[in-house]
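**Student:** Dropping a prediction and its sequence here:
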Amino acid sequence: MALALGVDQAVPMSLVSVSTPADHVRTITLDNPDRLNSMSFALVGDLYTALAQVSADNDCRVVVLTGAGRAFCSGLELEFAGLPPGIEDLGRHRMGLRAMEFMGGVVPALRNMPQPVIAAIKGPAYGGGMCLTLGADIRLAGRSAVFCGAGITNGLTGCELGVSWLLPRAIGTSRSNEIILTGRKVDAVEAERIGLVSQIMEDDEVLDRAVVMAQGMSALSPLGLTLTKDTLWGSLEVGSLQTAVDMENRTQLLAGFTGNLNEAAAAFKEKRPPIYTE
C-alpha cells in the first residue's frame, strides 16, 4: 500500500481502508458496514495490516479510527467469523488459544502505535468494538454511539481484549464492574457523563471533528506527541507517583534535546505559529 496518500484518497484492503483526510493525518476505517464492522478474523487481520503500515508511515502524526456505515464495530462476528491465520496442524485447544491471542493482540497493537489515536464513534461499539475504542487515546462520540460489553450476554465472560484492565482505569471500578457484569448498554450521554468519551456531537460531525482535532495535534512536535502518548500509557502501569515523575523527567529531557523549545520561544516572539520538524 502506498503510504503517501492524497487528501480524500483511500487504499482499500478487503475489510479495512486507510485514507489521508489532511496533512499528517491518517484515517483507518473498519469497512464492512453490511456486517456492522463486526470482528471476523479477516477484518482483524486487515486491521493489523493497517495499523502496522500506518505505524511505519513517518509522515503520519495522528490517527483517526472509525467505522463505516451506521456502526463503529458490533463486536465478534458470530456467523462468519472464519479462522485465524497460522493454525495448520494445531489441535482444538491450541487453535482456540491462537484465536484468542490473535483477537486479543489488536488492542495492544493500537497502544503500541507511535501516533496518538482518536476514535470517532457512532452507533454500536459492542464487545470487542468497545475494547477497540478503549485502545484509542481519545474517544469522540456521535449521539447514536452505544457501548456494551457483549461477551457476558453471549454466554462467555465479559472480559476480553484488555477490557478488565482498560475500562476501570477509564471510568473507575464501580461503574466498569456494573457495565461488564450486566452487559447493559451505555448511550452517548451516559458515556460522556462517566468519562468513557470526552465529547459527544451529532453523528454527521463526529468524523470531521476528529479530523480537525487531529490536524491541530499534528501541528505539535511529532516526538512530543509520541513521548506523551507513551508516558500517559506507561504511567497507568507504574506503581508510584515518584516512578511516574521519574519517567516524565526523562521524556521531558529527551524532548528538550530537539530544539523545539527554542522554536516555540522564537515563534512567540515573532508572533507566528511554531514549526516543529522533530
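**Tutor:** Alright, I've got the coordinates.
**Student:** Enumerate the strands of the stretch 51-200 of the chain by residue range, in sequence order.
**Tutor:** Taking DSSP state E, counting those that start in this stretch to define them, one finds strands in the stretch 51-200 of the chain at 62-67, 117-121, 124-126, 138-142, 146-148, 186-187, 199-201.
**Student:** With mean pLDDT, distance to residue 158 and mean neighbour count as added columns, please give those strands in CSV.
**Tutor:** For glycine as for every other residue, the C-beta is placed from the backbone atoms N, C-alpha and C. CSV is the format used below for the strands of the stretch 51-200 of the chain (pLDDT from 0 to 100; distance: least, CB to CB, whole Å; neighbours: other CB atoms under 10 Å):
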stretch, mean pLDDT, distance to residue 158, mean neighbour count
strand 62-67, 98, 22, 26
strand 117-121, 98, 20, 28
strand 124-126, 98, 12, 28
strand 138-142, 98, 19, 25
strand 146-148, 97, 10, 24
strand 186-187, 98, 13, 18
strand 199-201, 97, 24, 18
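**Student:** any chance of these in CSV, with distance to residue 215 too?
**Tutor:** Listed next are the strands of the stretch 51-200 of the chain as CSV, based on distance: least, CB to CB, whole Å:
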stretch, distance to residue 215
strand 62-67, 8
strand 117-121, 11
strand 124-126, 24
strand 138-142, 14
strand 146-148, 27
strand 186-187, 29
strand 199-201, 16
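**Student:** roughly how far apart are residue 71 and residue 45?
**Tutor:** Residue 71 is 19 Å from residue 45, where distance means CB to CB, to the nearest Å.
**Student:** per-residue confidence averaged over the helix or strand residue 48 falls within?
**Tutor:** Assigning secondary structure by DSSP states H and E places residue 48 in helix 41-55. Across helix 41-55, the average pLDDT comes to 96.
**Student:** The strands of the stretch 51-200 of the chain: which one's closest to residue 99?
**Tutor:** Minimum separation from residue 99 across these (CB to CB) falls at strand 124-126, 18.9 Å.
**Student:** quick one: the closest one to chain centroid distance?
**Tutor:** What separates the centre of strand 124-126 from the centre of its chain is 14 Å, taken as CA atoms, centre = their mean, to the nearest Å.
**Student:** So which elements touch it?
**Tutor:** Here strand 124-126 touches strand 146-148, going by 3 or more CB pairs under 8 Å, 6 or more residues apart in numbering; DSSP states H and E.
**Student:** burial measure for residue 258, as a count.
**Tutor:** Residue 258 is flanked by 16 other residues according to other CB atoms under 10 Å.
**Student:** Same question for the one 4 residues further on.
**Tutor:** The local packing count at residue 262 equals 11, with neighbours defined by other CB under 10 Å.
**Student:** Who are the packing partners of the helix or strand hosting it?
**Tutor:** For residue 262, the host element (DSSP H and E) is helix 260-270. Helix 260-270 sits against no helix or strand, with contacts defined as 3+ CB pairs under 8 Å, 6+ apart.
**Student:** buried residues in it?
**Tutor:** 260, 263 (16 or more other CB atoms under 10 Å).
**Student:** Run the chain-centre distance for it.
**Tutor:** Offset of helix 260-270 from its chain centre (CA atoms, centre = their mean): 32 Å.
**Student:** can you dump the C-alpha coordinates of that helix into PDB?
**Tutor:** Coordinates of each C-alpha in helix 260-270 appear next as PDB, following Å, rounded to 0.1, in the frame of the first residue of the first chain:
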ATOM      1  CA  ASN A 260      11.600  22.600  19.900                       C
ATOM      2  CA  LEU A 261      11.500  24.800  23.000                       C
ATOM      3  CA  ASN A 262      13.800  27.400  21.300                       C
ATOM      4  CA  GLU A 263      11.500  27.300  18.200                       C
ATOM      5  CA  ALA A 264       8.400  27.800  20.400                       C
ATOM      6  CA  ALA A 265      10.100  30.800  22.100                       C
ATOM      7  CA  ALA A 266      11.100  32.300  18.700                       C
ATOM      8  CA  ALA A 267       7.700  31.800  17.300                       C
ATOM      9  CA  PHE A 268       6.100  33.500  20.300                       C
ATOM     10  CA  LYS A 269       8.500  36.500  19.900                       C
ATOM     11  CA  GLU A 270       7.800  36.700  16.100                       C
END
